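Student: what follows is a protein structure lacking sequence information:
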């Protein structure tokens, strides 16, 4: 195990740094010291220099910018939606971007998660063939690269994408993976796709969805369970996630967003979740908080999305700050940027300060994303090393 030390305490982060001075605030990096990273000697980016270089942004340039929780279906360009609608003769409520925006983007708080998910339905109507699926995947990755994201885990539900035009879910998977690969090659961003089982369709359809994803098991990094958490509990999907674990996939599960702490417990104990999407309800269970800390289970926090779904009352009420104070492996993510009308920099620069996070906590959340990414040690080291080198230029 390697360690990162910040002002608050020592945190496991896959990185071993030496050259720290103990102050009243704890351990802080020495100026212009070298550190050992997995036995590789590199020049450490000066913490203060990082502060100076980041200017008005809360994103630290010496650390990779990572989004672990982003849905492809919630990340369509509105211009593309209009073009595809014309191509496939889909009637939309408006024929301009500004006219369409109120129907597919959230401008006010929704009464719950499922009301938020309704925004997806109109977007899925324009996916008339596999080429459309390729296109939105390609554009989503290019847009992430333009945000400055270094590493993206992009998740998608092939059955959800296929439903309106009765596409073959396996063909959807193939098209999405090809679109991701093409954009990654063009932009240089590192992307790992995650498959989704849409729990809302029930366990039988979930088996079909899993089968489509498993056809491309070597090109997918992990599996997620998303949809109606309150009415389709983890217990229904035990065999699906056993198959996923058997092929070596990582596991993340939407839990504790629309249901209580038990949903998180079940996701971990029954499905083998290594990360939890949202995880808001964890704050109400002290034993669960301890378990998440002891087992270094990541929490994929989505600040603006949780406000918009009324899962929290406002940014200040969001438990991300509390999670970080408890030393949990919580990170900042975007969820559905096309529907929320945000991007990852917005979540760092606007949402995180609104949620009460200090600069130190925001930096820790950025580090936590690297630690909890579905990457092996060598991949994490390469990603970190590349960013460190670029930040010193």
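Tutor: Yep, that arrived. Predicted model, so just to flag it, every value in this text is computed and none were measured.

Student: how far away is the closest residue to residue 301 other than its chain neighbours from residue 141?
Tutor: Across the structure, with Cβ to Cβ, 6 or more residues apart in numbering as the measure, the residue nearest residue 301 apart from its sequence neighbours is residue 320 (4.5 Å). Every residue, glycine included, has its C-beta placed from N, CA and C. Shown here: residue 320 relative to residue 141, a distance of 26 Å by Cβ to Cβ, to the nearest Å.

Student: next: residue 348.
Tutor: If you go by Cβ to Cβ, the gap between residue 348 and residue 141 works out to 20 Å.

Student: compare the two (neighbour count), which wins?
Tutor: Each of residue 348 and residue 141 has its neighbours counted (other Cβ atoms under 10 Å); residue 141 has more, 27 against 23.

Student: am I right that that one is in contact with residue 187?
Tutor: Yes - in terms of Cβ atoms under 8 Å, residue 141 counts as a neighbour of residue 187; the distance is 6.7 Å.

Student: what packs against the helix or strand where residue 182 lies?
Tutor: Using DSSP states H and E, residue 182 sits within helix 169-187. The contact analysis (3 or more Cβ pairs under 8 Å, 6 or more residues apart in numbering; DSSP states H and E) places helix 169-187 against helix 130-146, helix 158-162, strand 190-198, helix 203-214.

Student: most packed of the ones you listed?
Tutor: Of all the helices and strands packed on helix 169-187, helix 158-162 has the most neighbours on average by mean count of other Cβ atoms under 10 Å, namely a mean of 25.

Student: so what's the gap between that helix and the chain middle?
Tutor: 19 Å (Cα atoms, centre = their mean, to the nearest Å).

Student: got the contact list for residue 97?
Tutor: 78, 79, 82 (Cβ atoms under 8 Å, 6 or more residues apart in numbering).

Student: and for the last one, the neighbour number?
Tutor: Residues lying near residue 82 (other Cβ under 10 Å) number 19.

Student: could you give me the buried positions within the strand or helix carrying it?
Tutor: If you go by DSSP H and E, residue 82 is part of helix 78-87. Along helix 78-87, these residues count as buried under the neighbour rule (16 or more other Cβ atoms under 10 Å): 78, 80, 81, 82, 84, 85.

Student: so where's the stretch 251-393 of the chain uncertain?
Tutor: Across the stretch 251-393 of the chain, the ranges flagged by pLDDT under 70 are 393.

Student: can you map out the strands along it?
Tutor: Under the criterion DSSP state E, counting those that start in this stretch, strands of the stretch 251-393 of the chain are mapped to 275-278, 298-301, 330-332.

Student: now those as a markdown table including mean neighbour count and distance to residue 232?
Tutor: As requested, the strands of the stretch 251-393 of the chain are exported to a markdown table (neighbours: other Cβ atoms under 10 Å; distance: least, Cβ to Cβ, whole Å):
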| stretch | mean neighbour count | distance to residue 232 |
| --- | --- | --- |
| strand 275-278 | 27 | 15 |
| strand 298-301 | 28 | 19 |
| strand 330-332 | 28 | 25 |
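
Student: mind putting those strands into CSV with distance to residue 266?
Tutor: Output for the strands of the stretch 251-393 of the chain, formatted as CSV (distance: least, Cβ to Cβ, whole Å):
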stretch, distance to residue 266
strand 275-278, 11
strand 298-301, 16
strand 330-332, 20
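
Student: of those strands, which is nearest residue 175?
Tutor: Ranking the strands of the stretch 251-393 of the chain by proximity to residue 175 (Cβ to Cβ) places strand 275-278 first, at 24.3 Å.

Student: show me what the closest one pairs with in its sheet, parallel or antiparallel.
Tutor: If you go by DSSP bridges, strand 275-278 pairs up with strand 250-255 (parallel), strand 298-301 (parallel).

Student: can you point out the buried residues in the helix holding residue 182?
Tutor: 169-181, 183-184, 187.

Student: next one: stretch 212-230 to chain centre, how far?
Tutor: How far stretch 212-230 lies from its chain's middle: 14 Å, per Cα atoms, centre = their mean.

Student: check stretch 220-233 too.
Tutor: Distance of stretch 220-233 from the chain centroid (Cα atoms, centre = their mean) equals 14 Å.

Student: may I see the buried residues of that stretch?
Tutor: Buried-residue list, stretch 220-233, by 16+ other Cβ under 10 Å: 220, 221, 222, 223, 224, 225, 226, 227, 228, 229, 232, 233.

Student: do stretch 347-366 as well
Tutor: Applying 16+ other Cβ under 10 Å to stretch 347-366 flags 347-349, 351-352, 355, 357, 361-366 as buried.

Student: closest to residue 210 out of the contacts of residue 97?
Tutor: residue 78 (31.5 Å).

Student: need the contact list for the closest one.
Tutor: Residue 78 touches 97, 100, 101, 104, 338, counting by Cβ under 8 Å, 6+ apart.

Student: quick check: ChimeraX command selecting the buried ones in these.
Tutor: The buried residues among the contacts of residue 78 can be selected in ChimeraX (16+ other Cβ under 10 Å) with this line:
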select :100,104,338
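
Student: that older thread, make a markdown table from the strands paired with strand 275-278 and add distance to residue 283 to it.
Tutor: Output for the strands paired with strand 275-278, formatted as a markdown table (distance: least, Cβ to Cβ, whole Å):
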| stretch | distance to residue 283 |
| --- | --- |
| strand 250-255 | 13 |
| strand 298-301 | 10 |
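
Student: perfect, I'm done here.
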